[in-house]
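K.L.:
turn this into a model:
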Amino acid sequence: MFSCDFPPEIQNLFTKCFTYKKEDWHLPAASEILSSDHKEFSHFLSLKESLNKVKNLLSDKKLDDWHRHTSFTNKAGRIVPEVRRRANAELCTQAWCKFHEILCTYPLLPNTALWSYELNTLHLCEAPGAFISSLNHYIKTQNVRCDWNWVANTLNPYHEANDGLVMIADDRLIANTLPWWYFGPDNTGDIMSPKYLDGLQKFTSNMSSVHLVTADGSFDCQGNPGEQETLVYPLHYCEVITCLATLGHGGSFVLKMFTLFQHSSINLMYLLNCCFQEIHMIKPGTSKAGNSEVYVVCLGYVGKEAIQEHLEKMIAHLGTDVSLKSLFSHRSLPASFLQCHHNCCTYFYEHQTQTILENLNLFSHMSEEDRLHLNMLRESAVSFYLQKFQVKHIPRKHWLVQKPRVGCSFNARWVGTRNRRTDTYNERKQLEALTWSEKVSQGFFTSFLEEHVASDLGRGCFLEDLNCELKHEDWYFLQGQRLSRIQSSSFCDCELLNKYNETIEGCSKGGCISTMLTLSCSSCSLQPAEEVVSTLLELAGYEHHVLVCGADSVFQILQQRQLSSGFLECPPPQQSISLLHDGDPAYQQQLISLILQAFQQLQMGDSFLLPILSSLTRFTSGIVYILCHCFQIISFSCPTSNLTYGTNAVLLCCGYQPLSSPVLQYLHELKQHVDQLVSSSSQQIVEFIPMEELLNGYLLEFLWDLNSAIIRRRLHVIGLHEHEKTLSNLGLVQASVQGDLK
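P.N.:
All right, here's what the predicted structure looks like:
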């Protein structure tokens, strides 16, 4: 039985809801859609300006200090860990608790409690998957008897062209439920891609009807928080249209939005009001009270057949700049709707500004009495949530992922690599204005300048005894849009990769990109060919044949020692460092060709030395995966610019054991596909070993070590070169000034 004996502050925290009182609102003619220019409503803009004035009071606050403060003042701050503990909730995050709250407040699921039924749900922009795990928990604990099927979308965390800073790094659920995630025909997972909707409709075509769609998408708008609504609108448009095109008649829709002051957002809200029987707005109690986040809950979809002509026109504008034209004109929006929407905006505006001002006041003057009162409210909020929303325990056997096998999130090095910002908004804007050279001169790359590279980097980093029967029957070639640059990787620290990319771009603007391959540091000890040979023989023994690819100096030493060796010609290296790294289709074509040539020459027990650029992509990591399953031990040596011009490391592979004929046949078919795509297609093979296999812990650790060594080495020598050039230019300027003074 739910008790109402809770402080008013807590009861109010969980009742921030608004319902649109609909009148005779209907869509204008389809011909009028997206045909007029945007024109803002002054009375809504005044609310926006007023809210931004309050937000601007935070511009001089350091983010880590402010986050720490608002985490303490957040009355719902203790709910998530308590739900996780008491309910044994899977992937229990703030999003989990918010969605559970929404599920318990509104009838999102079909009202068929008396019999079993098929429940089909679609989850857009869902990473890391908290809405899905929350729904699973609700179904299992609330006696919802249904055969549940779900499909999810998010920016593909494994697609190298996706920006690592806008993706969710936590892939605990994704990695272990990959067949349920649809990343689109280009494999990016970008819902704003024009072809995504068509592919999604085909992917869900086996569902009789979609009963619930959720959309939890957003962007990081810390760089321009006052324009969050404008920045996120194109994503919201795509989420809404994707819902309207896939949701079944009578279905429900939950959409995360923020402020709703601008004409574009007002139009979306009118569209939803015309397409659903009920529209509710809720600010969950577990959503931080000081932010603009709200959820639109839409019940009773009229069905796409009722809006077919309108929908076709709106779908046609997916992927274009939807911000150029207004969805509806001013005259299409009834005065009664505008008044109702203004009431809604004012309601949530008042709650948010009140919270921000309270937090600001407590930031400067928090007494012991204030602390005690806040602690009492936080404890009270936990009790309220557990009672009000009937949170029940679930055994682990009812989790979606009972025994997790793979995932970057399980790699300890992955956790915490995306550091929380510690600067203020004003400091961030100043940093954004600096050029790369200015950042170098002001010490932003100092750690890389000072870390000279040891000659034995890679020693002790190896894979061994991974040879096992490969389940090639489950393998497939995955094509995707051709990479233009590598912005993220599951196989390295993405913060490190971002710094490397920024360095390459900074050098390219300075005109030295073509000379970067030849840069060196006199204080770094490059591993000479003799040491590489010694390391190789130490791993492999002296009695076996060694096949050397490209490294002439290593091959010559082996011959001088009268050791059995063979040589593979390595194609001419690329002439400059590229933001594509090892993602260039031409490089990947060369790599698979070299591997297949080597397999023709290698005998049982032989060793193989292979130069490599890096292993940031799924393709190159797939090559390493193949090698570690046909060699007893693999290590690497870096830096090796003195051994193999144009590459960054060499793989030392020892103890060859031939692959099975089906696997070899699969690799030959891979080469044929790569050859076909490399010169005449906008696509490339992005994956040929399933991601679940590549996320194996031992392989993942090895690839992180390899890529970290490569990137840190390049950052050191390039940054050192640029630093010296900056100092030299500074000296010339000073000399010139002194000459002028004389």
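
K.L.:
let me see the ranges of the helices in the stretch 401-550 of the chain.
P.N.:
Listed in chain order, the helices of the stretch 401-550 of the chain (DSSP state H, counting those that start in this stretch) span 425-432, 436-441, 446-450, 494-510, 529-540.

K.L.:
how far does the longest one sit from its chain's centre?
P.N.:
So that's helix 494-510. Relative to the chain's own centre, helix 494-510 is displaced by 19 Å; criterion: CA atoms, centre = their mean, to the nearest Å.

K.L.:
which residues does the residue nearest to the spatial centre of the chain contact?
P.N.:
Note on the chain: the residue nearest the mean C-alpha position is Met167, at 1.9 Å, using CA atoms, centre = their mean. Met167 is in contact with 127, 154-155, 157, 488, counting by CB atoms under 8 Å, 6 or more residues apart in numbering. In this view, the C-beta of every residue, glycine as well, is placed from N, C-alpha and C.

K.L.:
mind giving me the PyMOL select for the residues you listed, buried ones only?
P.N.:
Those of the contacts of Met167 that count as buried under 16 or more other CB atoms under 10 Å are selected in PyMOL with:
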select buried, resi 127+154+155+157+488
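
K.L.:
would a markdown table of the contacts of Met167 with pLDDT and distance to Gly319 be doable?
P.N.:
Formatted as a markdown table, the contacts of Met167 follow (pLDDT from 0 to 100; distance: CB to CB, whole Å):
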| residue | pLDDT | distance to Gly319 |
| --- | --- | --- |
| Ala127 | 93 | 21 |
| Thr154 | 95 | 18 |
| Leu155 | 94 | 15 |
| Pro157 | 92 | 22 |
| Ser488 | 93 | 22 |
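
K.L.:
closest one to Leu235 out of the contacts of Met167, please.
P.N.:
Of all the contacts of Met167, Leu155 has the smallest distance to Leu235: 10.7 Å, by CB to CB.

K.L.:
packing partners for the helix or strand hosting Val232?
P.N.:
Secondary structure assignment for Val232, by DSSP states H and E: helix 228-246. The contact analysis (3 or more CB pairs under 8 Å, 6 or more residues apart in numbering; DSSP states H and E) places helix 228-246 against strand 117-124, helix 196-203, strand 212-215, strand 252-257, helix 263-275, helix 308-316.

K.L.:
show me the helices in the stretch 601-742 of the chain, by range?
P.N.:
618-628, 661-678, 691-694, 697-741.

K.L.:
oops, could you answer that again for the stretch 51-200 of the chain instead?
P.N.:
Using DSSP H, counting those that start in this stretch, the helices found in the stretch 51-200 of the chain span residues 63-73, 79-87, 94-105, 130-141, 196-203.

K.L.:
tabulate those (CSV), appending mean neighbour count and distance to Gln560.
P.N.:
Shown next, in CSV, are the helices of the stretch 51-200 of the chain (neighbours: other CB atoms under 10 Å; distance: least, CB to CB, whole Å):
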stretch, mean neighbour count, distance to Gln560
helix 63-73, 15, 58
helix 79-87, 17, 63
helix 94-105, 23, 63
helix 130-141, 23, 61
helix 196-203, 17, 58
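
K.L.:
which one of those helices lies closest to Cys653?
P.N.:
Cys653 lies closest to helix 196-203 among those, at 38.6 Å (CB to CB).

K.L.:
quick one, which of the helices and strands packed on helix 228-246 is packed in tightest?
P.N.:
Highest mean neighbour count among these (mean count of other CB atoms under 10 Å): strand 212-215, with a mean of 26.

K.L.:
just checking, what packs against that one?
P.N.:
For strand 212-215, the packing partners by 3+ CB pairs under 8 Å, 6+ apart come out as strand 117-124, helix 228-246, strand 252-257.

K.L.:
and the protein, what are its domains?
P.N.:
8-153+191-323+333-404, 429-727 (automatic domain parsing).

K.L.:
which one of the helices and strands packed on strand 212-215 lies nearest to Asp37?
P.N.:
Across the helices and strands packed on strand 212-215, Asp37 has its closest neighbour in helix 228-246 (15.2 Å, CB to CB).

K.L.:
what residues does stretch 21-35 touch?
P.N.:
270-271, 273-275, 278-279, 307, 309-310, 312-314, 317, 322, 325-329, 332, 334, 336-337, 340.

K.L.:
next one: the residue lying closest to Leu299 once chain neighbours are set aside from Ile33, what distance?
P.N.:
Leaving out its chain neighbours, the residue that sits closest to Leu299 by CB to CB, 6 or more residues apart in numbering is Glu278, at 4.2 Å. Applying CB to CB, to the nearest Å, the value for Glu278 to Ile33 is 23 Å.

K.L.:
the more surrounded of the two?
P.N.:
Using other CB atoms under 10 Å, the more surrounded residue of Glu278 and Ile33 is Ile33, with 25 against 15.

K.L.:
below-threshold pLDDT in the stretch 601-742 of the chain: ranges please.
P.N.:
Within the stretch 601-742 of the chain, the stretches with pLDDT under 70 are 639-646, 722-742.

K.L.:
can you do 90?
P.N.:
The stretch 601-742 of the chain contains residues with pLDDT under 90 at 637-650, 679-682, 692, 695-698, 709-710, 712-742.

K.L.:
cool, the stretch 251-400 of the chain as well?
P.N.:
Residue ranges of the stretch 251-400 of the chain with pLDDT under 90: 317-325, 364-365.

K.L.:
going by residue numbers, what spans are helices in it?
P.N.:
Using DSSP H, counting those that start in this stretch, the helices of the stretch 251-400 of the chain run over residues 263-275, 308-316, 335-364, 368-388.

K.L.:
hmm, back to that, what's the closest of the domains of the chain to Ala175?
P.N.:
domain 429-727 (5.6 Å).

K.L.:
check contacts around Gln362.
P.N.:
Careful, residue 362 is Leu; it's not Gln. Contact analysis of Leu362 by CB under 8 Å, 6+ apart lists 69, 73, 370.

K.L.:
for Leu720, state which of those is nearest.
P.N.:
Closest to Leu720, out of all of the contacts of Leu362 and judged by CB to CB, is His69, at 40.3 Å.

K.L.:
how much space between the closest one and Asn267?
P.N.:
Distance of His69 to Asn267, given as CB to CB: 37 Å.

K.L.:
ditto for Cys146
P.N.:
Separation of Cys146 from Asn267 (CB to CB) stands at 35 Å.

K.L.:
now Leu165
P.N.:
According to CB to CB, Leu165 and Asn267 sit 30 Å apart.

K.L.:
same thing with Leu664?
P.N.:
Distance, Leu664 to Asn267, using CB to CB: 58 Å.

K.L.:
now do Phe203
P.N.:
With the distance defined as CB to CB, Phe203 ends up 29 Å from Asn267.

K.L.:
now do Phe72
P.N.:
Counting by CB to CB, the gap from Phe72 to Asn267 is 39 Å.

K.L.:
go on, Ala316?
P.N.:
Applying CB to CB, one obtains 17 Å for the distance of Ala316 from Asn267.

K.L.:
kindly report the same for Ser205.
P.N.:
From Ser205 across to Asn267, the span is 30 Å (CB to CB).

K.L.:
sorry, back to before: report pLDDT for the residue nearest to the centre of the chain.
P.N.:
Note on Met167: pLDDT of 80.

K.L.:
same thing with the one 5 residues further on?
P.N.:
In this prediction, Arg172 carries a pLDDT score of 88.

K.L.:
how about it, phi and psi?
P.N.:
According to degrees, to the nearest 10, the main-chain angles of Arg172 amount to phi -60, psi -40.

K.L.:
please name the residues that touch the closest residue to Leu374 other than its chain neighbours.
P.N.:
What sits nearest to Leu374 in space, not counting adjacent residues and going by CB to CB, 6+ apart, is Thr73, at 6.2 Å. By CB under 8 Å, 6+ apart, Thr73 lies in contact with 358-359, 362, 374.

K.L.:
from Cys494, how far off is Thr73?
P.N.:
According to CB to CB, Thr73 and Cys494 sit 32 Å apart.
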